[in-house]
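S.K.: Give me a model of this one.
(chains A and B)
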2 protein chains.
Amino acid sequence: MLTTQIPQLLQGDFRTLARLITAVENTPEHAESLLSGLPGGSTRIIGITGPPGAGKSTLTDALITQLLASNKKIAVLAVDPSSPFHRGALLGDRIRMGAHFSDPRVFIRSLATRGSFGGLHPEIIGISTLVASAGFDYLIIETVGVGQSEVEIASLAHTTVVVLVPESGDDIQTMKAGLMEIADIFLVNKADHASADRLVSALRHLAGKRAQKSRDWVPPVLKTVATEQKGMAELVKALEDHQNSPGMEKKNAKLMVEKAIRLISQRRMRDLDVSRLQQLVTQYMQAGNLNLYRLIREFEENGKL
Amino acid sequence: MLTTQIPQLLQGDFRTLARLITAVENTPEHAESLLSGLPGGSTRIIGITGPPGAGKSTLTDALITQLLASNKKIAVLAVDPSSPFHRGALLGDRIRMGAHFSDPRVFIRSLATRGSFGGLHPEIIGISTLVASAGFDYLIIETVGVGQSEVEIASLAHTTVVVLVPESGDDIQTMKAGLMEIADIFLVNKADHASADRLVSALRHLAGKRAQKSRDWVPPVLKTVATEQKGMAELVKALEDHQNSPGMEKKNAKLMVEKAIRLISQRRMRDLDVSRLQQLVTQYMQAGNLNLYRLIREFEENGKL
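M.R.: Numbering: from 1, shown residues only, chains lettered A, B, ... in the order given. Take a look at the predicted model:
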């Protein structure tokens, strides 16, 4: 029974947490009684996203160092397969990340992505509930800033940090349509680069325009050099400012509703008999009948028999 | 009754099609009997996606011209809000697109995106069923290549064309994680640009690597100059080659299953009482209880009373 492990989880035992995450990942249908028996907790979820090569992992690393200085307990979930926090690349990058991997205040875990679009693990809400119950102050989720994941991280994290680098001139364009909408904090990393200031002012211009619409929170644009730990105190301050901002309670409620909708959808779809659906599709195709609406009506009606 | 309009729709009447699309967009809950009464059809769905500025609209325009030369009937749905096919920018770009807007073989319609992530309209499957029933040979869907939309277009289109331009050096990086996975055909547009060949060979290298994994279809990398109608015959040939490729039947079945799952999910979630859910979230938050699993269990159980 997974529920017998709850006491150790609440004490923050890393091995128990790791084991329960694996259970939730692999057999979510058995984990519901575990998850509904947990207290949750006040863990702050920070999403770190941005295009490949922006230095998200180095930034995560530097942020951990900064938070440890004020003795915080930190969990990290890496979803970006190219991240050195991620299992695949882990061995090669051991030296740089070594210190944090052996620190008893830092729990690090890589997560498989769902499909090939960089989306978060389907059980990410359950996994973050486990982390929160284990009493961490922060859960940092590092994702690759493409496709599905940027949408998903915005519905999951209390604060989403979008990391960019000065070189990427046309990122501004892409952001307008995507990353721009989800950023609570912009970081221009590698800010010692010559063209950093131009990117910073372009971002401030965009952030200002968005602020005119929402009025709740103007995403600050910070400059960091993560490899040298520069700008990290300012980042932690911005995270706290965002947490204490007037719109935060409303945002929390909105996040809870979105997560609830996602969980309800997963619950209602859990019993879906995909192989029966596949058979029905094959039948319809062979009959030359391509009307999906009739197909799903037949599927749902037979399912009730 | 919407169903009384089916005969005119089957005759391909543009006004009826436009009216029924509006009905499906606005009141999907009333459209199910209409949609399940339609024959569907063999319309080929082509997704055109790529980063902003890659010339997707000009490409779509040039593709229409090419297909019209072999007397095809074409429907275009523009989801990219910056597209000149889109309502917003339509008036300003009338001159360039004018010929196709008045051509009786071309139906053009802009669609609102869902939320701010460039996702397709939630009723896009219903809308494409209407188009298919109206007897079009091709349905071209133009989307902005960011966030949600690249994932969605890949689950909808028979053939996904990813349009890139030589300038965007770091697009290759992004593609690895996102666009790369969804492309059935790569187009290097503005191929008269000096660095086009470098991008072409980089893409061929990536496409070759992917082919080693799947073996079904190696995405060809084509060069176009859409403004001068260059490379369009080759694009139409590649579209036909893809349609006739050995893996296509399997892909069609997979698409049907994915669409069916999406429709089933929408159907099962349609009755969700969001305002009751919001109330429950507020209650839980005020009580300091953040366990979503208990919350949704209570929500679902009360919903059945």
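S.K.: In chain A, what helix or strand scores lowest on average pLDDT?
M.R.: Every helix and strand of chain A was ranked by mean pLDDT, DSSP states H and E. The lowest is helix A:87-90, at a mean of 41.
S.K.: So, low pLDDT: which residues of the stretch 151-300 of chain A?
M.R.: A:167-179, A:210-215 (pLDDT under 70).
S.K.: For A:Ser11, the count of nearby residues, please.
M.R.: Residue A:11: Gln, not Ser. A:Gln11: 10 surrounding residues under other Cβ atoms under 10 Å in any protein chain shown. C-beta: built from backbone N, CA, C; applies to glycine.
S.K.: That one and chain B, how far apart?
M.R.: To chain B, A:Gln11 is 19 Å away according to Cβ to the nearest Cβ, to the nearest Å.
S.K.: just checking, A:Leu222 touches A:Phe186?
M.R.: Yes. Counting by Cβ atoms under 8 Å, A:Leu222 does reach A:Phe186; the two are 6.9 Å apart.
S.K.: who's more crowded, the two?
M.R.: Neighbours were counted for A:Leu222 and for A:Phe186 using other Cβ under 10 Å; A:Phe186 has more, 25 against 20.
S.K.: That one: which element?
M.R.: Per DSSP states H and E, A:Phe186 falls inside strand A:185-188.
S.K.: go on, A:Val161?
M.R.: A:Val161 is part of strand A:159-164, with elements assigned from DSSP H and E.
S.K.: A:Ile46 too?
M.R.: Counting by DSSP H and E, A:Ile46 is found in strand A:44-49.
S.K.: close to chain B, is that strand?
M.R.: No. On the criterion Cβ under 8 Å from any Cβ of the partner chain, strand A:44-49 is out of touch with chain B, staying 11.2 Å away.
S.K.: elements contacting the helix or strand that that strand is followed by?
M.R.: The helix or strand immediately downstream of strand A:44-49 is helix A:56-69, counting by DSSP H and E. Under the contact criterion of 3 or more Cβ pairs under 8 Å, 6 or more residues apart in numbering or on different chains; DSSP states H and E, helix A:56-69 touches strand A:44-49, strand A:74-78, helix A:94-101, strand A:138-142, strand A:159-164, helix A:232-243.
S.K.: just how off-centre is stretch A:29-49 within its chain?
M.R.: Distance of stretch A:29-49 from the chain centroid (Cα atoms, centre = their mean, to the nearest Å) equals 13 Å.
S.K.: Quick one: end-to-end length of it, please.
M.R.: 30 Å (Cα to Cα, to the nearest Å).
S.K.: List the buried residues in it.
M.R.: A:31-32, A:34-36, A:38, A:40-41, A:43-49 (16 or more other Cβ atoms under 10 Å in any protein chain shown).
S.K.: Domains in chain A, by residue range?
M.R.: A:2-267, A:272-304 (automatic domain parsing).
S.K.: hey, which of those is tucked in deepest?
M.R.: Across those, the average number of neighbours (mean count of other Cβ atoms under 10 Å in any protein chain shown) peaks for domain A:2-267, which reaches a mean of 19.
S.K.: Pull up the distance across it, start to finish.
M.R.: Domain A:2-267 end-to-end distance (Cα to Cα) = 19 Å.
S.K.: now swap in stretch A:68-78 and tell me
M.R.: 18 Å.
S.K.: Look at the closest residue to A:Phe14 other than its chain neighbours and give its secondary structure.
M.R.: Leaving aside its chain neighbours, A:Phe14 sits nearest to A:Phe107 (5.6 Å; criterion: Cβ to Cβ, 6 or more residues apart in numbering or on different chains). Following DSSP: H, G, I helix; E, B strand; the rest coil, A:Phe107 is assigned to strand.
S.K.: again with A:Pro166
M.R.: Assignment for A:Pro166 (three-state DSSP): coil.
S.K.: which residues does it contact?
M.R.: By Cβ atoms under 8 Å, 6 or more residues apart in numbering or on different chains, the contact set of A:Pro166 is A:Val188, A:Lys190, A:Ala191, A:His193, A:Ala194, A:Ser195, A:Ala196, A:Arg198, A:Leu199.
S.K.: do that again at 7 Å, thanks
M.R.: Neighbouring residues of A:Pro166 by Cβ atoms under 7 Å, 6 or more residues apart in numbering or on different chains: A:Val188, A:Lys190, A:His193, A:Ser195, A:Ala196, A:Leu199.
S.K.: Give me the local confidence score for A:Leu305.
M.R.: A:Leu305 carries a pLDDT value of 58.
S.K.: Export the domains of chain A as CSV, with columns for distance to B:Ser70.
M.R.: What follows is the domains of chain A, written out as CSV (distance: least, Cβ to Cβ, whole Å):
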stretch, distance to B:Ser70
domain A:2-267, 34
domain A:272-304, 24
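S.K.: pLDDT check: weakest of the buried residues of stretch A:29-49?
M.R.: Within the buried residues of stretch A:29-49, lowest confidence goes to A:Gly40 (78).
S.K.: Might one say that it is in contact with A:Ala132?
M.R.: Yes. Using Cβ atoms under 7 Å, A:Gly40 makes contact with A:Ala132 at a distance of 5.2 Å.
S.K.: Roughly how far does A:Ile6 sit from chain B?
M.R.: A:Ile6 sits at a distance of 12 Å from chain B (criterion: Cβ to the nearest Cβ).
S.K.: Kindly apply the preceding question to A:Gln66 instead.
M.R.: Counting by Cβ to the nearest Cβ - A:Gln66 and chain B are separated by 26 Å.
S.K.: How confident is the prediction for that residue, by pLDDT?
M.R.: pLDDT, read off for A:Gln66, is 95.
S.K.: Correct me if wrong: it contacts A:Met232.
M.R.: Yes. Contact criterion Cβ under 7 Å: A:Gln66 and A:Met232 qualify, at 4.0 Å.
S.K.: Which residues of the stretch 201-305 of chain A lie near chain B?
M.R.: Counting by Cβ under 7 Å from any Cβ of the partner chain, the residues of the stretch 201-305 of chain A close to chain B are A:253, A:256-257, A:259-261, A:263-265, A:267-269, A:272, A:277-278, A:281-282, A:285, A:290-297, A:300.
S.K.: Looking at these, which are in helices?
M.R.: A:253, A:256-257, A:259-261, A:263-265, A:267-269, A:277-278, A:281-282, A:285, A:292-297, A:300 (DSSP state H).
S.K.: Adding distance to B:Ala23 and secondary structure, write the contacts of A:Pro166 out as JSON lines.
M.R.: Listed next are the contacts of A:Pro166 as JSON lines, based on distance: Cβ to Cβ, whole Å; DSSP: H, G, I helix; E, B strand; the rest coil:
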{"residue": "A:Val188", "distance to B:Ala23": "47", "secondary structure": "strand"}
{"residue": "A:Lys190", "distance to B:Ala23": "51", "secondary structure": "coil"}
{"residue": "A:His193", "distance to B:Ala23": "53", "secondary structure": "coil"}
{"residue": "A:Ser195", "distance to B:Ala23": "50", "secondary structure": "coil"}
{"residue": "A:Ala196", "distance to B:Ala23": "51", "secondary structure": "helix"}
{"residue": "A:Leu199", "distance to B:Ala23": "45", "secondary structure": "helix"}
